[in-house]
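Participant: Structure of the sequence below:
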Amino acid sequence: MAPLNSNYTKYVSNGDSNYTVKVGDDVITFLITTGRTATLPLAGLCTPMNGQHAKQIVSNASSVGNVTIAAPSGNNLVGVGSVEPGQAVNLLSNGTATWTGYGGGGQAGTSGYSGPSGYSGFSGPSGYS
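Facilitator: Numbers count the residues shown, from 1 in each chain. Below you'll find the model as predicted:
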């Protein structure tokens with residue numbers, strides 16, 4: 001039961017199928033030819049105390065279709081709910097009933113407004129003839 005990004009991280013390579021993430025899995029990589037689903041374990045079993053509260057789901061750049069992330073019955077998923085090819089999503093459990101996903105692509109936000117233009121400079125003196 002090692003934490004994510006440690007010397008003992010458990011990497012899982014999933015083929016072209018749906019996958020139910022196990023409590024001890026840390027990084028799950030999908031290589032798919034059509035949309036598939038990764039179902040998370042119960043958040044209450046993946047706590048900061050046991051070091052299993054962080055998961056990462058990766059979709060290989062050669063994948064076709066998105067990996068949909070699903071929370072098990074009685075749990076909530078907040079944030080990112082799918083992984084596009086070539087992207088990764090990090091997920092954190094609060095140790096009770098909620099998973100929070102972040103990373104991946106996501107939709108771009110609205111650009112801010114441009115500021116006012118600056119003043120023009122002053123003209124210099126004319127030359128002598």
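Participant: Tell me the spacing between Gly86 and Val58.
Facilitator: 9 Å (CB to CB, to the nearest Å). C-beta: built from backbone N, CA, C; applies to glycine.
Participant: Enumerate every residue touching the residue nearest the centre of the chain.
Facilitator: Centroid-nearest residue in the chain: Val89, 2.2 Å away (criterion: CA atoms, centre = their mean). Contacts here follow CB atoms under 8 Å, 6 or more residues apart in numbering; on that basis Val89 touches 56-58, 69, 80, 82-83, 101-104.
Participant: got any ranges where this structure has weak pLDDT?
Facilitator: Counting by pLDDT under 70, the low-confidence segments of the chain come to 1-6, 105-115.
Participant: Kindly recompute the last result at 50.
Facilitator: Within the chain, the stretches with pLDDT under 50 are 1, 106-109.
Participant: where do the strands sit along this structure?
Facilitator: Assigned by DSSP state E, the strands in the chain fall at 11-14, 19-20, 27-30, 36-39, 54-59, 67-70, 76-79, 82-83, 88-93, 98-103.
Participant: so what does the first one touch, helix or strand wise?
Facilitator: It stands for strand 11-14. If you count contacts as 3 or more CB pairs under 8 Å, 6 or more residues apart in numbering; DSSP states H and E, strand 11-14 packs onto strand 27-30.
Participant: ok so, going back, for the residue nearest to the residue nearest to the centre of the chain when sequence neighbours are not counted, give its distance to Thr98.
Facilitator: Leaving aside its chain neighbours, Val89 sits nearest to Gly104 (4.4 Å; criterion: CB to CB, 6 or more residues apart in numbering). Taking CB to CB as the measure, Gly104 falls 18 Å from Thr98.
Participant: Between those two, tell me which one has more neighbours.
Facilitator: Gly104 (22 against 15; other CB atoms under 10 Å).
Participant: list the contacts for the closest residue in space to Ser13 that isn't next to it in sequence?
Facilitator: Of all residues not flanking Ser13 in the chain, Thr29 sits nearest, at 5.2 Å (CB to CB, 6+ apart). By CB under 8 Å, 6+ apart, the contact set of Thr29 is 11-14, 58-60.
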